[in-house]
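> just the structure for this:
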Amino acid sequence: MAPRPSSDTVLTSRGIGLAAAGTVVGGLGVGLATPPLVYVGVAMVASVAVGGLWLMLSINGFLSRFPFAHREVVPHPLTVGVPGRVTVTISSSAGRRGGALRRALAESLDIREQAAAELTGGLSTKATVSRTSESFSLSYSLLPSRRGRWPLGPALIHSADPLGMLRSDTSVGGEELIPVWPSVVDLTATAGVLMGQADRVVLGARSPSPDDAALRDYREGDDLRRVHWPSSARKGTMLVRSDERAGKRPATVLLDLPYESAALEWSISAAASIGLSVLDSGHPVRFFGGPLGPEHVHHIGREHPQSARADLLDKTVDLTRPPSPTAGSAWLLTAIRRTAEGVSNGEVIVGVFEPLNAECLEALVPLGDAGRAWAIVRGDSEDDADAQETATALRRAGWRATTAHSRTDIDSVWSTLLTAGDIA
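Have a look, this model is predicted:
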């Protein structure tokens, strides 16, 4: 049920001045025993009162016929740095009765909507408004600047009496929290290097039948033996088998949440980009970051591949920096242990870490034994000694590791990891 419209009516400077002047003139008339001055003063004050009554009965009475506000945000959820658009439609419940009056009133009203600065990039929004006697429609653009959930609404209809002595802002509809995904970088082209030859191993084990083979678009690096030629000929584009029952080598992304806000967003974007590249290459992935719940146990993309991208990005929306570095280390240690408990044969591990303490490093050692563990260690600068020390320790434990900082391009550090992050 939509919230009922509520109004906030205040006197304008003109209304305040007229009421004050009328009070003074009326007072002088009484003091000087001059009836004309009293009449003028009363008329001035009365005009303000009449304006308020007109506004309340006419405008607010009209607005009470608009109980329904529908808001559409496209795309939904939004993504940092990607423009979106909002359309708000406020419909009348009064049918066609009093259409001429309502149309005249509609032309005298202004409509706008409240939006958090994180959704508009701190910029003012320019809205396109269309109106009829039955509805208002407001459309404006958004440019999200921060990941998270940010308030949008309610819509405000601004009205005033004909003499401009009072104004009223009437809220229509409710407030909605709009989720914003982090910005991501497309790393799919190099995901095959990360995942190795898993697809060839699967296909060498058995040949999928048409019943258990799902088809997807061909991507650069796919094995040509997986191309389904009959379907490709019918569709006019190359399609490859994505055999779910035969199995795909899974991956786990470990995210160590930084304590600093700027570093937090970089790390989340890097981890999300890596996770999406794994999903887009046809492999399921677990995403461990922050406090873990039961929903983190399963690999994303294994049961519902159609919604896998959204499922992964949804996990990043509510991530926050840890209350303290100690708490962040505890979260990571729990994620490492959860990874070790549920790791499957051949699973690839990718970590986006801060400089690690001895306990976390010790817990990561077993995950590097199979040579399928990769790590990006974020430091405060290019030559951060703590980050370099953590990367070196990970390499000695069998990880492939490189360092980065919050101003490093994610695709650049990813390429460095794949080409130069060798085992020591």
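> how much space between Gly41 and Trp54?
20 Å (CB to CB, to the nearest Å). Every residue, glycine included, has its C-beta placed from N, CA and C.
> so for those two, which residue has more residues nearby?
Gly41 (20 against 15; other CB atoms under 10 Å).
> test my guess that the more buried one contacts Ala20.
No. Counting by CB atoms under 8 Å, Ala20 is not a contact partner of Gly41; they are 10.6 Å apart.
> hang on, isn't Ser329 packed against Leu361?
No. Applying CB under 8 Å, one finds Ser329 not in contact with Leu361, separated by 10.8 Å.
> tally of neighbours for Ala263?
Count around Ala263 with other CB under 10 Å applied: 18.
> same question for Leu292.
When neighbours are defined as other CB under 10 Å, Leu292 has 14 of them.
> I'd say it and Ala335 touch.
Yes. Taking contacts as CB under 8 Å, Leu292 lies within contact range of Ala335: 6.0 Å.
> can you show me the strands along the stretch 201-350 of the chain?
For the stretch 201-350 of the chain, the strands defined by DSSP state E, counting those that start in this stretch occupy 213-217, 239-243, 251-255, 285-289, 348-353.
> avg pLDDT for the fourth one?
The one in question is strand 285-289. Averaging pLDDT along strand 285-289 yields 92.
> returning to that earlier point: tell me which of the strands of the stretch 201-350 of the chain sits most buried.
For the strands of the stretch 201-350 of the chain, average neighbour numbers computed from mean count of other CB atoms under 10 Å are highest in strand 251-255, which has a mean of 27.
> paired strands for it, with orientation please.
Note on strand 251-255: by DSSP bridges, its sheet partners are strand 285-289 (parallel), strand 348-353 (parallel).
> for the ones you listed, give me CSV that also has distance to Gly398.
Listed next are those as CSV, based on distance: least, CB to CB, whole Å:
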stretch, distance to Gly398
strand 285-289, 20
strand 348-353, 11
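> for Pro35, find the nearest of the ones you listed.
strand 285-289 (79.5 Å; CB to CB).
> now do the closest one: everything it contacts.
Contact with strand 285-289 is made by 250-257, 268, 271-272, 275, 278-279, 296-301, 312, 315-316, 319, 331, 335, 338-339, 342, as judged by CB atoms under 8 Å, 6 or more residues apart in numbering.
> just give me the residue closest to the centre of this structure.
Val180 (0.6 Å; CA atoms, centre = their mean).
> for that residue, what are its contacts?
Contacts of Val180 (CB under 8 Å, 6+ apart): 77-80, 118-119, 144, 146-150, 317.
> just the ones of the residues you listed in strands?
Taking DSSP state E as the definition of strands, the contacts of Val180 contribute 78-79, 148-150.
> now, which of these sits nearest Ala49?
Nearest member of the ones in strands among the contacts of Val180 to Ala49, counting by CB to CB, is Trp150, at 41.1 Å.
> correct me if wrong: that closest one contacts Ala116.
Yes. With contact defined as CB under 8 Å, Trp150 and Ala116 form a contacting pair (4.0 Å).
> so how far is Asp384 from Trp54?
Going from Trp54 to Asp384 by CB to CB gives 68 Å.
> revised request: answer the last question for Gly398.
When Gly398 is compared with Asp384 (using CB to CB), they lie 23 Å apart.
> now do Gly51
66 Å.
> what does Leu333 give?
22 Å.
> swap in Gly121?
From Gly121 across to Asp384, the span is 31 Å (CB to CB).
> neighbour count for these two, which is higher?
Set Gly121 next to Asp384 and count neighbours by other CB under 10 Å: Asp384 wins out with 18 against 15.
> and the more buried one, what does it touch?
The contact partners of Asp384, by CB under 8 Å, 6+ apart, come to 355, 403, 405.
> buried ones among these?
355, 403, 405 (16 or more other CB atoms under 10 Å).
> list the contacts of the second one.
Contacts were defined as CB under 8 Å, 6+ apart; by that measure Thr403 touches 376-379, 382, 384, 387-388, 391.
> per-domain residue ranges of this protein.
As assigned by automatic domain parsing, the chain contains the domains 6-181, 188-206+247-420, 208-245.
> looking at those, which has the lowest confidence?
Of all those, domain 208-245 has the smallest average pLDDT, which comes to a mean of 64.
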